[in-house]
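> Sequence first, then the predicted structure:
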Amino acid sequence: MTARVVVLGGGVGGTLVANLLSKALGRDARVTVVDRTGMHVYQPGFLYVALDQADALWLARDERGLLRKEIDLVIDDATSIDPSRQTVTLERGGTLGYDHLVLATGARLDRDAVPGYGGSHDFYSLEGAQRLREELRRFRGGRILVGVAGIPYKCPPAPVEFVLMLDQYLRDRGIRERSEIKLLSPLNRAFTVESASRMVQPIMEKKGIELVTFFNVEAVDGSRGVVTSIEGESLEYDLLVLVPPHRGAKVLEDSGLTDPGGWIPTDRGTLHHKNAANVYALGDATDLPISKSGSTAHFEAPVVASRIASLVRGTVPIEAYEGRVMCFLEIGEGKATTLRFDYQHPPLPPQPSRLWHWAKWAFNRAYWVTVPQGRIG
Amino acid sequence: MTIVERRVTRCIDARGMACPGPLMTLIGAVRQGQLGDVLEVLSSDLGSKTDIPAWVAKARHELVDVIEEEGYARFIVRKAR
């Protein structure tokens, strides 16, 4: 009998799981990917668009072209999931039954959770990055605040990368001396990863970027240009860049498959949903205590695919996820470092160098013909 | 049981959460709570021992007590404003 595998979400995780399963199982499985837009977006590129270093066209491709031809792609929105009947209801296309369901629904931006959020900018969506790019082009000097409006959020080092690259951007335009940059961190260090924070904080200091610690954004008053924190501080700005609060997908919340924050209760090794049979989760959608990033999804996908393939073949799944993540951290001046870690080993970033910067660029460029197809692991 | 423990408004078991989970959970609870609420956070993360007292001081709330238990600590915080 042909196994029915439904994958919700056509991002890094969903696309890779679908391709690996289709390749491993051939006609033994019918793999269907459901994606709301049918476009695959390379989110690490938003940073470069915002800072005028890349064209937005480079960041989106047709999902169909990234999937093996045997895979069905349904461009529709899932509106409910019934784990007891093993069905997914679609907004336009009826109901899909499944034997195995993969939740790769990512994170959604919940800007409304912060009163006055509209008075700020972000680089967490393509539209946001393009709007910020235009605002920066008009910027002639003043105070720029860069903050985080809720943890967890995707790509924890991104705000640090942004301020370091912003410093360079303003220098290149000859307006750095007329500008002030402050990074508002919700924690008592630059970002979640302690070892990497210890590395970047002196670099920020050297570049004249002030770190404001324990600043958890409460509200924005765009008309006065003031952002306030729940710790009781108020700061004035000329340009405010905020990472929006994140939540899991609404369909999962509506179907009772999440914790109160909208994240999927996920087994850290098997990546199985803790409370629903035959349901797996990966990528930004899980509640795992690890970075929300494409890299995480990239390393989780082979585990999910292997476990489902074993079940379809009637063997015992043995692969487990060990928390592996690998990403790059740009520090400006054409240099970068790399963060490699897992559940047991915190990252020990090497000294920033041009080599890692070029490795990141090469990875960005090669992404479309390597990662979704499972050509690098 | 001490007087403080009996007055705890809400207890949050953040044991097993990695840094900065326990602190962020406390911040969320303080945000939702009322003035005068006493919140208790259980954390097995070693980083909490510095992070939570530092945050409470910065946010001008009150760290009522830190009680060491086997493999975890209990942080008792009063929302002061």
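Cool, the structure landed. Numbers count the residues shown, from 1 in each chain, chains lettered A, B, ... in the order given.
> all strands of chain B, in order?
Taking DSSP state E to define them, one finds strands in chain B at B:10-13, B:38-43, B:62-69, B:72-78.
> CA atoms only for stretch A:265-274 - export them in PDB, please.
Extracted in PDB, the C-alpha atoms of stretch A:265-274 (Å, rounded to 0.1, in the frame of the first residue of the first chain):
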ATOM      1  CA  PRO A 265       5.600  20.300  21.800                       C
ATOM      2  CA  THR A 266       8.300  18.300  20.100                       C
ATOM      3  CA  ASP A 267      10.500  15.400  21.200                       C
ATOM      4  CA  ARG A 268      14.100  16.700  21.100                       C
ATOM      5  CA  GLY A 269      15.500  13.500  19.600                       C
ATOM      6  CA  THR A 270      12.700  11.900  17.500                       C
ATOM      7  CA  LEU A 271      11.100  15.200  16.400                       C
ATOM      8  CA  HIS A 272       7.800  13.500  17.000                       C
ATOM      9  CA  HIS A 273       4.800  15.600  18.200                       C
ATOM     10  CA  LYS A 274       4.600  14.800  21.900                       C
END
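> mean confidence score for that stretch?
Averaged over stretch A:265-274, pLDDT sits at 96.
> Repeat that for stretch A:47-61.
The model assigns stretch A:47-61 a mean pLDDT of 92.
> Now do the buried residues in that stretch.
By neighbour count on 16 or more other C-beta atoms under 10 Å in any protein chain shown, the buried set for stretch A:47-61 is A:47-51, A:54, A:56, A:59, A:61. C-betas here are computed from N, CA, C, even on glycine.
> how distant is it from the center of its chain?
16 Å (C-alpha atoms, centre = their mean, to the nearest Å).
> Residue B:80: what's it in contact with?
Taking C-beta atoms under 8 Å, 6 or more residues apart in numbering or on different chains, we find residue B:80 in contact with B:35, B:60-62.
> Around chain B, which positions in the stretch 251-377 of chain A sit nearby?
residue A:289 (C-beta under 8 Å from any C-beta of the partner chain).
> quick one: the helices in the stretch 251-377 of chain A?
Along the stretch 251-377 of chain A, counting by DSSP state H, counting those that start in this stretch, helices occupy A:294-313, A:354-366.
> Highest mean neighbour count out of these?
helix A:294-313 (a mean of 23; mean count of other C-beta atoms under 10 Å in any protein chain shown).
> Let me see the mean pLDDT of that one.
On average, helix A:294-313 scores 97.
> And it, how far out from the chain middle?
The answer for helix A:294-313 is 18 Å, by C-alpha atoms, centre = their mean.
> And residue A:375, what's its pLDDT?
With respect to pLDDT, residue A:375 scores 85.
> thinking again about what came up before, for the buried residues of stretch A:47-61, could you give me TSV that also reports distance to residue A:195 and secondary structure?
What follows is the buried residues of stretch A:47-61, written out as TSV (distance: C-beta to C-beta, whole Å; DSSP: H, G, I helix; E, B strand; the rest coil):
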residue	distance to residue A:195	secondary structure
A:47	22	helix
A:48	25	helix
A:49	29	helix
A:50	27	helix
A:51	26	coil
A:54	29	coil
A:56	34	helix
A:59	30	helix
A:61	35	strand
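> Kindly reformat those as a markdown table containing distance to chain B.
Converted to a markdown table, those look like this (distance: C-beta to the nearest C-beta, whole Å):
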| residue | distance to chain B |
| --- | --- |
| A:47 | 23 |
| A:48 | 28 |
| A:49 | 29 |
| A:50 | 26 |
| A:51 | 27 |
| A:54 | 31 |
| A:56 | 32 |
| A:59 | 30 |
| A:61 | 34 |
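> so which of the contacts of residue B:80 is the most crowded?
residue B:61 (21 neighbours; other C-beta atoms under 10 Å in any protein chain shown).
> Now that it has come up, it's in contact with residue B:75, right?
No. Contact between residue B:61 and residue B:75 fails when scored by C-beta atoms under 8 Å: they sit 11.1 Å apart.
> Spit out the residues that contact those two alike.
Residues within reach of residue B:61 and of residue B:75 at once, by C-beta under 8 Å, 6+ apart: there are none.
> Next, work out how far apart the spatially closest residue to residue A:253 that is not a sequence neighbour and residue A:247 are.
Using C-beta to C-beta, 6 or more residues apart in numbering or on different chains and skipping the chain neighbours, the partner closest in space to residue A:253 is residue A:262 (5.2 Å). Distance, residue A:262 to residue A:247, by C-beta to C-beta, to the nearest Å: 4 Å.
> Give me the common contacts of those two.
Joint contacts of residue A:262 and residue A:247 (C-beta under 8 Å, 6+ apart) are residue A:253.
> Tell me who's in contact with residue A:293.
By C-beta under 8 Å, 6+ apart, the neighbours of residue A:293 are A:154-156, A:284, A:325, A:327.
> let's go with 6 Å and repeat that
A:155, A:327 (C-beta atoms under 6 Å, 6 or more residues apart in numbering or on different chains).
> Please apply the same query to residue A:317.
Here residue A:317 is in contact with A:307, A:310 (C-beta under 6 Å, 6+ apart).
> Over to residue A:210: give its phi and psi.
With angles defined as degrees, to the nearest 10, residue A:210 sits at phi -80, psi 140.
> What's the local residue count around the closest residue to it other than its chain neighbours?
The shortest distance from residue A:210 to any non-neighbouring residue, by C-beta to C-beta, 6+ apart, is to residue A:182 (4.5 Å). As a burial measure, residue A:182 scores 18 neighbours (other C-beta under 10 Å).
> Verify the stated contact: residue A:182 with residue A:213.
No. Counting by C-beta atoms under 6 Å, residue A:213 is not a contact partner of residue A:182; they are 11.0 Å apart.
> looking at this, residue A:247 is in a strand?
Yes. Counting by DSSP: H, G, I helix; E, B strand; the rest coil, residue A:247 falls inside a strand.
> Name the residue of the stretch 251-377 of chain A that lies nearest to chain B.
residue A:289 (3.9 Å; C-beta to the nearest C-beta).
> So what does the nearest residue to that residue once chain neighbours are set aside have for phi and psi?
Leaving aside its sequence neighbours, residue A:289 sits nearest to residue B:18 (C-beta to C-beta, 6+ apart; 3.9 Å). The phi/psi pair for residue B:18 (degrees, to the nearest 10) reads phi -80, psi 160.
> hang on, residue B:18 packs against residue A:287?
No. At 11.5 Å, residue B:18 and residue A:287 do not qualify as touching, with contact defined as C-beta under 6 Å.
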